[in-house]
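Trainee: My questions concern the predicted model and sequence given below.
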Amino acid sequence: MDRQPLTRTGSSPRITARHPDAPPVRRQRRAVAGVLAAAAVGAAALAGCSSGTSAGSVASSAAAAVEKGASAAASAASALASAAGGAGAVIASAEARASAAVSAASSAVSGIKGGLDAKGDVAVGAVSAGSDGKAQVELTVTNHGQQSYRYVIQVDFTDDSGAVQDATAVTVQDVAAGRSAQAIARSHRDLSGGLKAVVANAVRY
């Protein structure tokens, strides 16, 4: 897919952020490791509900976990910003948010028990900026199976170097056999620069 620069109209790949004047942030990263782990565990718990829960309910809970993971990342970022100053705090904050978003999105997909790999069913368009400043991309899901399926898709937003800047999970309901459906994947925060969207994982069930 062609990379397009992100213009405003109004995680797996490595997650990196560098600045020549950035102070060490190892200690601050350790301080928020528990927060990030809690976000990922919470997402997995929601996605892996008991067998008595319907598949649709599981998918909805799993997707909702992504938003909770993003909220946890914001808290982690605040803790880092308080513990460090200048460029180091900004870098650590971006890394924390991206890491939590990837963990939550990945857990939303992996939590679908018995799901079939469906990355080949998903095509992504060019990344653009929504009216709210968030990055967004259109997904086209084509069901190549013999029956109707639902999909849960992890989309990573990466920069030109391949570093993940944000991630989200998208649920697409009931795509009939041989038919296609569209959905929009949106980032949790404002992103800029040359970006592309990557389908990191996808399942149908």
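Mentor: Yep, that arrived.
Trainee: Val124: how many residues sit nearby?
Mentor: Residue neighbour count, defined by other CB atoms under 10 Å, stands at 17 for Val124. For the C-beta atoms, the positions are set from N, CA and C on the backbone; glycine is no exception.
Trainee: Please name the bridge partners of the residue nearest to it when sequence neighbours are not counted.
Mentor: With CB to CB, 6 or more residues apart in numbering as the measure, Ala197 is the residue that lies nearest to Val124, at 4.7 Å, once sequence neighbours are left out. Note on Ala197: beta-bridge partners Phe157, judged by DSSP bridges.
Trainee: hang on, isn't Ala197 packed against Ser128?
Mentor: No: with contact taken as CB atoms under 8 Å, Ala197 and Ser128 are classed as non-touching, separated by 10.1 Å.
Trainee: any common contacting residues for those two?
Mentor: Residues touching both Ala197 and Ser128 (CB atoms under 8 Å, 6 or more residues apart in numbering) are Ala135, Val137.
Trainee: So between those two, which is more surrounded?
Mentor: Set side by side, Ala197 and Ser128 show more neighbours around Ala197, with 24 against 16, by other CB under 10 Å.
Trainee: separation between that one and Asp117?
Mentor: From Ala197 across to Asp117, the span is 19 Å (CB to CB, to the nearest Å).
Trainee: now swap in Thr171 and tell me
Mentor: Using CB to CB, which is the criterion applied here, Thr171 is 17 Å from Asp117.
Trainee: Kindly report the same for Ser161.
Mentor: Here Ser161 is placed at a distance of 27 Å from Asp117 (CB to CB).
Trainee: Over to Gly193?
Mentor: Distance from Gly193 to Asp117, by CB to CB: 31 Å.
Trainee: pLDDT weak spots in this structure?
Mentor: Along the chain, the parts satisfying pLDDT under 70 run over 1-92.
Trainee: Let me know the next secondary structure element after the helix or strand hosting Arg150.
Mentor: Arg150 is part of strand 149-158 when elements are defined by DSSP states H and E. Proceeding C-terminally, strand 149-158 gives way to strand 164-175 as the next helix or strand, assigned by DSSP H and E.
Trainee: Run through the neighbouring helices and strands of that next one.
Mentor: In this structure, strand 164-175 packs against helix 55-83, helix 86-110, strand 134-142, strand 149-158, strand 180-190, with contacts taken as 3 or more CB pairs under 8 Å, 6 or more residues apart in numbering; DSSP states H and E.
Trainee: what do you get if the cut-off is 6 Å, keeping everything else the same?
Mentor: Contacts defined by 3 or more CB pairs under 6 Å, 6 or more residues apart in numbering; DSSP states H and E place strand 164-175 against helix 55-83, helix 86-110, strand 149-158, strand 180-190.
Trainee: Could you list the residues in contact with it?
Mentor: For strand 164-175, the external contacting residues (CB atoms under 6 Å, 6 or more residues apart in numbering) are 11, 13, 15, 59, 63, 66, 98, 101-102, 105, 108, 141, 143, 148-159, 181, 183, 185, 187-188, 191.
Trainee: before we move on, back to that, separation between the residue nearest to Val124 and Ala94?
Mentor: Spatial separation of Ala197 from Ala94 under the definition CB to CB is 18 Å.
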